[in-house]
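> Got a sequence here, can you model it:
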Amino acid sequence: MSTLLLHHDVFTEHAPPEGHPERPDRMRAVERILSHPHFEDLRREEAPEGQRDHALLVHPEDYVHAIEQSSPTEGEIALDPDTWMNASTLEAAYRAVGAGTRAVDAVMNMEVNNAFCAVRPPGHHAEAARAMGFCVFSSIGIAAHYAREVYDLDRVAVVDFDVHHGNGTQDVFWSHEDLFYGSTHQMPLFPGSGAVSETGEGNIFNAPLSAGDGGEVFREAMLSRIFPALDAFQPDLVLISAGFDAHERDPLGSLQLKEEDFAWVTLRLMDLAARHCDGRIVSMLEGGYDLAGLSSSVGVHVKALMHGTGEAAQPVDEDEY
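Numbers count the residues shown, from 1 in each chain. The predicted structure is shown next:
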């Protein structure tokens, strides 16, 4: 199997104010884990700068223009109380978009089996006309719309296991029955959406979890609600919103997932993708705010993508990293 890693130095340069949980050290933790010899077989590319026209597949022109005009030349500015820009944020946000579209190209053109986009800022809270929750552009939503537009795919799916509900992805998928969104997330928790009753055109499948729930409840939610719906949808491409803040160590949530849960869900999604779309998967980093939990979880997720076996996806002793 071959896995593409898309990354860029500007993802570390995007820096909200001191003390913000979505901080550059998150990307440094990801870089560190993926620099280990266990990942030497990754195919690595710099994330290209995304095209404005691709952002416009999801976001209105006036929103994109406002974001571009808001970009500061120095210091930081707040788009909302949680979502900040500095001089590098606009480039980082566009390169996150570019990572997603390049990853779609790579898997659709059979250059690689799958791809992982190690990007910041995250994207799954960005609604069509609203930045929020640390997110500026709906990177994974844009990737899905791009795949449908460029490759004429009938059905594109996003599965999201971040601890927070991806209200932005749900928003840009809501009226598109050929776009599937399935999410496990803690509820109640920011952003307050994600109820089972939120179904769009019958294409939205939310499986809310409760504070304190661990791997057993998470796996049951996937097995009973998300996977059967995804199987019935028969996707032509599977995208993953890979948020690791459902980890038991994370300070922004109260779920109790472990590395083996992230390995398990990755492998099960690979099985589904193999059955329906020749294994085509694009994974994009979302949340994860405890650095140790983030790095170890990214490690098992990417190892699963690379090797496709449970043994390969087991965590390595932390001292090895």
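> Strands of the stretch 101-250 of the chain, start to end?
114-117, 156-160, 179-186, 204-209, 237-242 (DSSP state E, counting those that start in this stretch).
> Same question for stretch 176-196: list its buried residues.
By neighbour count on 16 or more other Cβ atoms under 10 Å, the buried set for stretch 176-196 is 176, 178-187, 189-191, 193-194. For the C-beta atoms, the positions are set from N, CA and C on the backbone; glycine is no exception.
> Spatially central residue in this structure, please.
Centroid-nearest residue in the chain: Ser241, 2.7 Å away (criterion: Cα atoms, centre = their mean).
> pLDDT value on it, please?
Per-residue pLDDT puts Ser241 at 98.
> Equivalent analysis for Gly308, please.
Reported pLDDT for Gly308: 89.
> Would you quantify the distance from Asp53 to Ser296?
In this view, Asp53 and Ser296 are 38 Å apart by Cβ to Cβ, to the nearest Å.
> who's more crowded, these two?
It is Ser296, of Asp53 and Ser296, that has more neighbours when counted by other Cβ atoms under 10 Å, with 23 against 10.
> before we move on, back to that, I'd like the strands of the stretch 101-250 of the chain laid out as CSV, including distance to Cys277.
Below are the strands of the stretch 101-250 of the chain laid out as CSV (distance: least, Cβ to Cβ, whole Å):
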stretch, distance to Cys277
strand 114-117, 11
strand 156-160, 9
strand 179-186, 12
strand 204-209, 18
strand 237-242, 6
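> Return the residues in contact with Asn114.
Counting by Cβ atoms under 8 Å, 6 or more residues apart in numbering, Asn114 touches Met1, Thr3, Leu4, Val107, Met270, Ala273, Gly279, Arg280, Ile281, Val282, Ser283, Leu305.
> Now go through the residues you listed and say which are in strands.
Mapping the contacts of Asn114 onto strands (DSSP state E) picks out Thr3, Leu4, Ile281, Val282, Ser283.
> and of those residues, the nearest to Ser71?
Comparing the ones in strands among the contacts of Asn114 against Ser71 with Cβ to Cβ places Val282 closest, at 26.7 Å.
> Okay, and the beta partners of that closest one?
With DSSP bridges as the criterion, Val282 is bridged to Ala115, Leu239.
> How many residues are close by it?
31.
> residues in contact with it?
Gly100, Ala103, Val104, Val107, Asn114, Ala115, Cys117, Ala143, Leu237, Val238, Leu239, Ile240.
> closest to Val30 among the residues you listed?
Cys117 (10.8 Å).
> Help me confirm that that closest one comes into contact with Ile281.
No - using Cβ atoms under 8 Å, Cys117 is not in contact with Ile281; the gap is 11.3 Å.
> quick one, which of the two is more surrounded?
Cys117 (30 against 26).
> Can you give me the distance of that one to Arg44?
12 Å.
> try Met85
Using Cβ to Cβ, we find Met85 at a distance of 27 Å from Arg44.
> And Trp84, by the same measure?
28 Å.
> Looking at the two, which is more packed in?
Between Trp84 and Arg44, counted using other Cβ under 10 Å, Trp84 has the larger neighbour count: 22 against 13.
> Isn't the more buried one up against Ser71?
No - the criterion here is Cβ under 8 Å, and Trp84 misses it with Ser71 at 11.5 Å.
> need the contact list for Gln51.
Per Cβ under 8 Å, 6+ apart, neighbours of Gln51: Val97, Gly98, Thr101.
> Of those residues, which is the nearest to Leu257?
Val97 (28.0 Å).
> The closest one: which element?
helix 89-108 (DSSP states H and E).
> That helix - contacts with which helices or strands?
Identification of packing neighbours for helix 89-108 by 3 or more Cβ pairs under 8 Å, 6 or more residues apart in numbering; DSSP states H and E yields strand 3-7, helix 10-13, helix 52-55, helix 61-70, strand 114-117, helix 139-151, strand 237-242, strand 281-285.
> List phi and psi for Arg77.
Careful, residue 77 is Ile; it's not Arg. Torsion angles at Ile77 (phi, psi; degrees, to the nearest 10) stand at phi -130, psi 150.
> and it, how many neighbours?
12.
> okay, and for this protein, where does confidence drop off?
For the chain, the stretches with pLDDT under 70 are 1, 310-321.
> again, 50 this time
318, 320-321 (pLDDT under 50).
> just to revisit the earlier point, so what sits against both of Cys117 and Arg44?
Common neighbours of Cys117 and Arg44 (Cβ under 8 Å, 6+ apart) are His7.
> before we move on, the earlier item: looking at the buried residues of stretch 176-196, which one is closest to Leu257?
Thr184 (9.5 Å).
> which residues does the residue nearest to Glu68 when sequence neighbours are not counted contact?
Of all residues beyond its chain neighbours, the one nearest Glu68 is Leu90 (6.5 Å), with distances taken as Cβ to Cβ, 6 or more residues apart in numbering. The contact partners of Leu90, by Cβ under 8 Å, 6+ apart, come to Ile67, Glu68, Ser71, Val136.
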